[in-house]
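Visitor: Below is the structure, and that's it, no one-letter string:
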C-alpha cells in the first residue's frame, strides 16, 4: 500500500465521485453528504501522509502500469506537488463541509463534481508528463463547467458560456503547443524534456521556443494573467460562493504549470532557451497586479472584490516566477498557500454576509445590518488583515518575504512601489468594504426584526478552519519556511530532479 | 504531401477562428469543431509524416511513431465530450438569454437599424 501512496490523492477522489453517483448515495442526500465528507477527509489524510513521507524520504516517483519514465507516464511527488495536493484537499474538505449546510440541495451532482474537480487538480499537480497535465486540466475544467452552472440563473449561464468557449480555445492552443514540442523534442515527460532542450540545434531551437510560448498563452489563460484575465472576475462572481471558494485553487494550477515548465524545462540549464518566458512574465505580472488593484477599488460587491483579489495574487505569484531564483520561489510558495486559503475564506464569508443582509446581499451599499455582526465581523477582519498583509497574520510574513526576495534582483525599483501601493489600495478598498457591509445601516435607529437565518454551525466550522491557517502559518513560520525553501531548492535542482525521475522509474 | 497537409491544417484553423469570432453560439461551436480537427491533424504530424511504415508491434524495426496516435486518440475523445457539453450549454444559453449571442445580447442591433433606416 505504501508504495502506491503517490497515486492515492488521484484515485481516492475518483473513487469518491463514483461512490457518490451509485445507488445508496445517488438517491439519498443524507447518505451523499456523509460519504462525501468522509471521502474528502480521507483524501486530506492521505495527502498529508504523502507529504510527511516525501519530506522524510525525498522525491517519490510512481510509474503508472510500471512503464518506466521516458516511455510511460509517471507521477512525481516532490515537496512542491505534495504541498499543493494537501492544500487542494484541505480546500476540498472545507468546501464539502460548507456545502452540507444547504448549498448542495439544489443539484444532485454537486458532491460528485467537487470530487472530480479535486481529482483533476491533484492530478495536474502530481503528474510528471506534460500531456497528462493537459488531460487533468480537461478533467478539472469539465467539472468546473458543471459546478459553475450549479444552482445558476441566466447570469451564470452567460458567464459559463464565455468561460467554456475560452477554455476550449485554450485547450486547442495547448495541444498545438504540445504537438510542436513533441515534434522537436520527441518526448513530453517534463524531466526528459529538461534533458533534451539544451541539446537542440539550429532551427529546432526556434520551433521549440514557439511551442513553449504557445504553452505560456494557455497557462496565462488558466492563471488569469493580464490580457487573458477578463474571464475571471465575471466567472467567479457569478458562481455560487462555495464553488468560487473551490475555484480559488484553479488559477494556482496555471501558476504551478508555469513554475514547472519555465523553471525546469526552460530554466537555468536550457542553453539558448534559458529563461525565455521571463521578459513576458515580468511585465505582464506587474500589469496584472495594477489592473487587479484597480478592480479591487472599483468593485461594487464583495464577490467581485474577492475575484479581483485573486487577480492581484496571481500577478504577485507570476512576478515571483519570473525572477527564477530559489528565494523568490520559496516566498511564492508561502504566499500561494496563504492567498488561496484566505481568498477561499472570503468567498465563503461573502455568502454568509449576503444571506444575512437580505435584499442588498453583498453589495457595498447601505442596507440592513448582518444578524450576527460580531461573529462575521471578526471573521471578516481576520481575513482582511491577512489579505492586505498587516501584522500579525500570514499576509505580513508573505509580504516581507516577497519584498526581501526581490530586493537583490535589480528589478525592485519597479516591483516595490507597485506592490506597496497595491497593498495600500487593498487596505483602502477592504476598509471601505468592511465599513459599508457592517456599519452603514439604512435605518439606523429602528430595531427591525432581522428574520435572516443564523449561520449554520457547519458554515462557521468551514470558514474558521480556513481562516485558522493564517495564524498557523505565522505560529509555525519556522518549519513551514524551511519546508518552502527545501521545496524551492528541489525545484531548482534540475539535474537532481531529472535523475530522480528517469532513474526512479526503472 | 507536406504542402497539402499543412494547407489543410491552415485552412481549418483559419475557418475555425473566423467562425469563433462570429460570437454566435452555433458558428462558435462549428468553429471549435474545425479548430479541434486542425489540432488533431497537427498532432498527428508531430510524429513526422511517413508512408509505408509498420505499426509498433515488434515485428519490424522500421515503425511509425506510436505516441502521436495515442495523443490524437485522447484529444479526439476529450474534444468530443467538450463539444457535446458546449452544444448543450449553447441550447441552455439560447433558452435563458433569449438569443444566441455569447454576450447574452446582440450588440450590432442598433447598427443594423441604422442601415435599414
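Guide: Thanks, I have the structure now. Nothing here was measured: the structure is a model prediction, and the numbers come from that model.
Visitor: Would you mind listing the buried residues in stretch B:71-86?
Guide: Neighbour-count burial for stretch B:71-86, counted by 16 or more other CB atoms under 10 Å in any protein chain shown, picks out B:71-72, B:74-75, B:78-79, B:82-83, B:85-86. C-beta coordinates here come from the backbone N, C-alpha and C atoms, glycine included.
Visitor: how about residue A:98, what does it touch?
Guide: Residues in contact with residue A:98 (CB atoms under 8 Å, 6 or more residues apart in numbering or on different chains) are A:242, A:245, A:348, A:458-459, A:462-463.
Visitor: ok, and which of the buried residues of stretch B:71-86 reach chain A?
Guide: Applying CB under 8 Å from any CB of the partner chain, the subset of the buried residues of stretch B:71-86 adjacent to chain A comprises B:71, B:74-75, B:78-79, B:82, B:85-86.
Visitor: quick one: the helices in chain B?
Guide: Using DSSP state H, the helices found in chain B span residues B:2-20, B:25-45, B:66-97, B:109-116.
Visitor: whoops, I mixed them up, the stretch 1-150 of chain A
Guide: A:8-21, A:23-27, A:29-57, A:79-100, A:110-126, A:130-148 (DSSP state H, counting those that start in this stretch).
Visitor: Repeat that for the stretch 201-350 of chain A.
Guide: A:203-223, A:230-238, A:241-247, A:250-260, A:278-298, A:302-323, A:326-356.
Visitor: Compare the ones you listed and give me the one nearest residue A:105.
Guide: Proximity to residue A:105 (CB to CB) singles out helix A:241-247 among the helices of the stretch 201-350 of chain A, at 11.9 Å.
Visitor: Which strands and helices lie in contact with the closest one?
Guide: Packing partners of helix A:241-247 (3 or more CB pairs under 8 Å, 6 or more residues apart in numbering or on different chains; DSSP states H and E): helix A:79-100, helix A:130-148, helix A:230-238, helix A:302-323, helix A:326-356.
Visitor: Counting by contacts, list what the third one packs against.
Guide: Using 3+ CB pairs under 8 Å, 6+ apart, the elements in contact with helix A:230-238 are helix A:154-185, helix A:241-247, helix A:302-323.
Visitor: so where is the stretch 201-350 of chain A shaky, pLDDT-wise?
Guide: The model of the stretch 201-350 of chain A has no residue with pLDDT under 70.
Visitor: And for the closest residue to residue A:377 other than its chain neighbours, the neighbour number?
Guide: Spatial nearest neighbour of residue A:377, chain neighbours left out: residue A:438 (5.3 Å); criterion: CB to CB, 6 or more residues apart in numbering or on different chains. If you count neighbours by other CB atoms under 10 Å in any protein chain shown, residue A:438 ends up with 18.
Visitor: Just to check, residue A:438 is in contact with residue A:379?
Guide: No. Residue A:438 is not in contact with residue A:379 according to CB atoms under 8 Å; the separation is 11.2 Å.
Visitor: returning to that earlier point: okay, the helices of the stretch 201-350 of chain A, which one's buried deepest?
Guide: helix A:241-247 (a mean of 28; mean count of other CB atoms under 10 Å in any protein chain shown).
Visitor: on that earlier part again, quick one, which of the helices and strands packed on helix A:230-238 gets closest to residue B:61.
Guide: With CB to CB as the criterion, residue B:61 lies closest to helix A:154-185 of these, at 21.7 Å.
Visitor: Just the buried positions in that closest one, please.
Guide: A:156-185.
Visitor: Let me know the pLDDT of residue A:387.
Guide: Residue A:387 carries a pLDDT value of 89.
Visitor: so how far is residue A:349 from it?
Guide: According to CB to CB, to the nearest Å, residue A:387 stands 11 Å off from residue A:349.
Visitor: one step back: can you say which of the helices of the stretch 1-150 of chain A is nearest to residue A:272?
Guide: In this view, the helices of the stretch 1-150 of chain A are compared for proximity to residue A:272 by CB to CB, and helix A:130-148 is the closest at 20.3 Å.
Visitor: Can you give me the buried ones in that closest one?
Guide: A:130-148.
Visitor: mean confidence score for it?
Guide: Averaging pLDDT along helix A:130-148 yields 91.
Visitor: What helices and strands are in contact with that helix?
Guide: With contacts taken as 3+ CB pairs under 8 Å, 6+ apart, helix A:130-148 sits against helix A:110-126, helix A:154-185, helix A:241-247, helix A:250-260, helix B:66-97.
Visitor: Return the member of the contacts of residue A:98 nearest to chain B.
Guide: Closest to chain B out of those is residue A:242 (21.2 Å), distances taken as CB to the nearest CB.
Visitor: How about the contacts made by the closest one?
Guide: Taking CB under 8 Å, 6+ apart, we find residue A:242 in contact with A:95, A:98-99, A:103, A:347-348, A:351.
Visitor: switch the cut-off to 6 Å
Guide: A:95, A:98-99, A:103 (CB atoms under 6 Å, 6 or more residues apart in numbering or on different chains).
Visitor: Can you add pLDDT and distance to residue A:229 and give those back as CSV?
Guide: Shown next, in CSV, are the contacts of residue A:242 (pLDDT from 0 to 100; distance: CB to CB, whole Å):
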residue, pLDDT, distance to residue A:229
A:95, 92, 23
A:98, 91, 26
A:99, 91, 27
A:103, 80, 27
